[in-house]
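>>> The sequence isn't on hand, but the structure is:
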C-alpha cells in the first residue's frame, strides 16, 4: 500500500523533491540549486539540462532519505517556476538554447511593437494578462527568431516548447523515447496564448505572436494521470501539475472564492481565489486560472505578482557581500532601530503589479553619511512587505469583500521580523501554517486526488494547521505615513529606461 506522494518543486533557484505522508507532512527532501545565468543586463537564463539532471537526482535523494522505493509512492506531482520558456529538439531531447527565465526583460522591444496596436491591454480580455516581458509568448518568439533555423524546425514539428513543468514531465515520462508533451491550465494561462474562457490555445493569439501551434504542449487539467514515470520512480503515475503560485494556494487549502495567500519566494505572489468567475482587475492585478480538477469547472483567481523580494536578499548576499547566508539578513536588520531614512525599491526587472512599469529600475533612496549596510538591509526587508501592501490594496479594490487576514508561505516567512512588519503595515493578521512548503504540498495534493490517495478537498482542508499568527501593532497614522513615503520612493524609479 503506497504511503507517500512525492512532489517535484522546480523553482527559480533550485529543484526539490519532497515526500509527503497522508497527513500532508513532509517526510524527506532532496534539493539541488542550479546556476543563474546573466549574459547581459536584463537577461536571465537557466540551463534546462542542468534542471533535468537535478530533477532525477533529487528524486533519488528524497527516496533514499525516506528509505522508500517506488512501491511506496502513490503519485508524483509537479510544480514549477511559471513563464520560463524552454524549447527543445523532440528527437534528441536537447534544448536549442538556454531557457529564458520569467524575470528576463530582453523582449521589451517586441512588447512595445505589439502594444502599438491596442496598448498593453490588447489581449487582456482573452488572456487576463497585460502585454509584458514577464509572460512566455515573447520569449518563445525571441528564441524562434534568434536561434538559427528554429522557426522552420518549429513549423515542421521538430521542436517542442514548454514551461518547466512540461520539460520535467516530458523527461520523466521517457523524453525522446515517448515522453508526454503536456502542460496544465494554470501554466498555460501564463503564456499569453491561451483563452481563459475556452482553456485552449487561440489561433488569433498564436498568429499575433508568430508561434506555430505544432510547438505547443497539450493543455490538460491540474489533476489527472498524464503518464507514468521512468526510473528512479518507474511505473509511478504523474498525476498533478500546478504552476508554483497556484500550487501554494492549493497547499494552503484556499480552494474557494474569497480565500487567498501570499508566497514569499524569489518574488512575492498574492493569489485571491474568485471561484468559477473570471474577474478582470481594474487596479493592476492579473487574471489567471487557479486550478482545474479533472473534468470539473475551472477555478480562477486574481494575482498580484511582485518580481523581486527573496532575490533582493540574495542580491545583497551575492553582489554586495553583506552577509554569508540569506538568513543573516534578519540579524543585520535588527542591529539598527529603523532604516535611517533609507528606502529601497527593487525594480530590477521593472515593476510588476500593480504598476506594470517596465521603464523602472531599482533604486536606493534617502542615503546620507549616516546610512550603513544595516540600514540598507532593513530597508530591503521592509520593501518586501511594502510591495505586498500595494498588491493587497489593489486586490481589496477589485474584490467584493476585503481580505481580513493573510495566509503566508515560502522561505521568507521564517523571518519573524519581516512577518511582524508585514502585519503592521497591512493592518490585518498574518498567519503562517504548520507546513510552509505549501508549493510542493499543493502539487502533491493535486496528484494524490487524481489517484485516490486523498478523497476530496474537505480531507485536504482538515490537514491545514496554523503555526503562528502575527497581529498588527503599528498605529494607523504611522502606517499611513510609511505608505506615503513608500509610494513617493516608487515614483522615483519611473522613466529610468528611456523609451525606444
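Perfect, I can see it now. Predicted model only: the values in this text are computed from it and were never measured.
>>> residue ranges for the strands of the stretch 401-500 of the chain, please.
Counting by DSSP state E, counting those that start in this stretch, the stretch 401-500 of the chain has these strands, from start to end: 406-409, 430-433, 466-470.
>>> oh, I was asking about the stretch 251-400 of the chain
Along the stretch 251-400 of the chain, counting by DSSP E, counting those that start in this stretch, strands occupy 260-264, 268-275, 286-291, 299-306, 343-345, 363-365.
>>> partners of the last one in the sheet?
This means strand 363-365. strand 343-345 (antiparallel) (DSSP bridges).
>>> Equivalent analysis for the third one, please.
Each strand that pairs with strand 286-291, with its direction, by DSSP bridges: strand 299-306 (antiparallel).
>>> what's the answer for the first one, then?
Listed by DSSP bridges, the sheet partners of strand 260-264 and their directions read strand 268-275 (antiparallel), strand 406-409 (parallel).
>>> so which of these comes closest to residue 468?
strand 406-409 (9.8 Å; C-beta to C-beta). All C-beta atoms are positioned from the backbone trio N, CA, C, and that covers glycine.
>>> circling back: out of the strands of the stretch 251-400 of the chain, flag the one nearest residue 128.
Going by C-beta to C-beta, the one of the strands of the stretch 251-400 of the chain nearest residue 128 is strand 286-291, 2.9 Å.
>>> average pLDDT for that closest one?
The average pLDDT for strand 286-291 rounds to 95.
>>> what's the answer for stretch 481-499, then?
92.
>>> Ramachandran angles for the residue in the chain sticking out farthest from the centre?
Relative to the centre of the chain, the most outlying C-alpha is that of residue 369, 37.9 Å out, by C-alpha atoms, centre = their mean. Per-residue torsions, residue 369: phi -60, psi -20 (degrees, to the nearest 10).
>>> OK, contacts around it?
Applying C-beta atoms under 8 Å, 6 or more residues apart in numbering to residue 369 gives no contacts.
>>> Could you tell me how far it is located from residue 71?
66 Å (C-beta to C-beta, to the nearest Å).
>>> Can you redo the strands paired with strand 260-264 as TSV, where the extra columns are mean pLDDT?
Output for those, formatted as TSV (pLDDT from 0 to 100):
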stretch	mean pLDDT
strand 268-275	91
strand 406-409	91
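>>> Which among those strands is found nearest to residue 299?
strand 268-275 (6.1 Å).
>>> from the chain's centre, how far out does that closest one sit?
12 Å (C-alpha atoms, centre = their mean, to the nearest Å).
>>> Identify the residues contacting that strand?
Outside strand 268-275, the residues that reach it (C-beta under 8 Å, 6+ apart) are 244-246, 248-249, 254-263, 288, 290, 299-306, 309, 384, 387-388, 391-392, 395, 399, 403, 410.
>>> just the buried members of those?
Using 16 or more other C-beta atoms under 10 Å as the burial test, these include 244-246, 248-249, 254-255, 257, 259-263, 288, 290, 299-306, 309, 384, 387-388, 391-392, 395, 399, 403, 410 as buried.
>>> Enumerate every residue touching the residue nearest to residue 498 when sequence neighbours are not counted.
Spatial nearest neighbour of residue 498, chain neighbours left out: residue 359 (7.9 Å); criterion: C-beta to C-beta, 6 or more residues apart in numbering. Residue 359 makes contact with 350, 494-499, according to C-beta under 8 Å, 6+ apart.
>>> same check, this time on residue 31
Residue 31 makes contacts with 14-17, 58, 61, as judged by C-beta under 8 Å, 6+ apart.
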